[in-house]
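Engineer: how does the following fold in three dimensions:
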Amino acid sequence: MTVLVVTGTGTEVGKTVATAAVAALALQTGRSVAVLKPAQTGVGAGEAGDAAAVAQLAGPLTAAELARFPEPLAPATAARRAGLPPVRPRDVAEAAEKLAAGHDLVLVEGAGGLLVRFDDQGGTLADAAHLLGASVLVVAPAGLGTLNATALTAEALRARHLECAGVVVGSWPAVPPLAARCNLSDLPESAGAPLVGVIPQGAGTLDPADFRREANSWLAPKLGGTWDAEGFVARATQAAAPSTS
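Structural biologist: A predicted model of the protein is given here:
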């Protein structure tokens, strides 16, 4: 796996922190890593974007952006309103391929969900993944609504003959509600792919040294960690079981 595309089921679901955790584990095994943010929105000139945030948490890596637009909107809309050229799927694929030539792993972090438009021709992150022949890691929230959003994302991947590398819960509450605990068992069925990680809420605010040390316990072996999906889900399910008294 040279290129891995990271998407969310929507905005603010923990994509950047999940990307940082994957990057951190790859770096710990001696692999060289690049993170590509094709379209950074809602960030002004001179401000740190998502790729820089990944580098701060994960460690020394190559952080790249293709474009940034100041308003926090879908990339196509943000580019149009800023009067700037949009990012196109072919641009993303070419940039990722160039990075892959010099790195062991390239992580491409999308903006919002899989089918958010990059340009006015309807180009999306899914199109870029197709051009790259890359697997797609889906980051989903823990609570109510996540099963439908995850199923829709998975359906879109299958329709485009793209492989889902698994699902990561991007922000697991310290005290998870019933819906979140039950969703752990249902997410793999919704996605048609395994649950490959659960990242605790607030992980992105950890000191980088703590983040790198603890990331191993958040992600499954498929992503380089030691997280035990079966055990974690079993404990959550037991806690969610209805009382028989």
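Engineer: helix, strand, or coil at G197?
Structural biologist: Under the three-state scheme (DSSP: H, G, I helix; E, B strand; the rest coil), G197 adopts strand.
Engineer: could you dump stretch 133-153 to CSV, C-alpha only?
Structural biologist: Included here for stretch 133-153 are C-alpha records, laid out as CSV according to Å, rounded to 0.1, in the frame of the first residue of the first chain:
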residue,chain,number,x,y,z
GLY,A,133,-6.1,2.8,-7.9
ALA,A,134,-5.9,3.5,-4.2
SER,A,135,-7.8,2.0,-1.3
VAL,A,136,-10.0,4.4,0.7
LEU,A,137,-10.0,4.5,4.5
VAL,A,138,-13.4,5.8,5.9
VAL,A,139,-13.5,7.9,9.1
ALA,A,140,-16.9,8.0,10.7
PRO,A,141,-18.4,9.5,13.9
ALA,A,142,-19.5,7.3,16.7
GLY,A,143,-23.1,8.3,17.4
LEU,A,144,-26.5,8.4,15.8
GLY,A,145,-26.6,8.7,12.0
THR,A,146,-23.2,7.2,11.4
LEU,A,147,-24.6,3.9,10.0
ASN,A,148,-26.5,5.5,7.2
ALA,A,149,-23.7,7.9,6.3
THR,A,150,-21.2,5.0,6.4
ALA,A,151,-23.4,2.8,4.2
LEU,A,152,-23.9,5.5,1.7
THR,A,153,-20.1,6.1,1.5
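Engineer: how about the secondary structure of the spatially closest residue to R80 that is not a sequence neighbour?
Structural biologist: Closest residue in space to R80, ignoring its immediate chain neighbours: D120 at 6.8 Å, by Cβ to Cβ, 6 or more residues apart in numbering. In short, each C-beta sits where N, CA and C put it, glycine included. What three-state DSSP gives for D120 is coil.
Engineer: what's near enough to touch D120?
Structural biologist: For D120, the contacting residues are A76, R80, P86, by Cβ atoms under 8 Å, 6 or more residues apart in numbering.
Engineer: which residues touch the last one?
Structural biologist: So the one you mean is P86. Taking Cβ under 8 Å, 6+ apart, we find P86 in contact with A39, A67, P75, A76, A79, R80, F118, D119, D120, G123.
Engineer: tell me where this protein has strands.
Structural biologist: 3-8, 33-41, 62-69, 105-113, 135-140, 164-172, 195-200 (DSSP state E).
Engineer: may I see those arranged in a markdown table, with mean pLDDT and mean neighbour count as well?
Structural biologist: Formatted as a markdown table, the entries for those read as follows, by pLDDT from 0 to 100; neighbours: other Cβ atoms under 10 Å:
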| stretch | mean pLDDT | mean neighbour count |
| --- | --- | --- |
| strand 3-8 | 98 | 25 |
| strand 33-41 | 97 | 25 |
| strand 62-69 | 96 | 20 |
| strand 105-113 | 96 | 26 |
| strand 135-140 | 98 | 26 |
| strand 164-172 | 98 | 25 |
| strand 195-200 | 98 | 24 |
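Engineer: would you turn those into CSV with distance to P188?
Structural biologist: Putting the strands of the chain into CSV (distance: least, Cβ to Cβ, whole Å) gives the following:
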stretch, distance to P188
strand 3-8, 17
strand 33-41, 27
strand 62-69, 32
strand 105-113, 19
strand 135-140, 11
strand 164-172, 7
strand 195-200, 5
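Engineer: quick one: closest of the ones you listed to A129.
Structural biologist: Each of the strands of the chain was checked against A129 via Cβ to Cβ, and the shortest separation belongs to strand 3-8, namely 4.5 Å.
Engineer: run through who's touching the closest one.
Structural biologist: With contact meaning Cβ under 8 Å, 6+ apart, strand 3-8 is reached by 14-15, 18-19, 22, 96-97, 100, 105-110, 112-114, 125, 128-129, 132, 134-140, 153, 165, 170.
Engineer: picking up where we left off before, widest-spaced pair of the contacts of P86?
Structural biologist: Taking Cβ to Cβ, the two most distant members of these are A67 and D120; they sit 14.4 Å apart.
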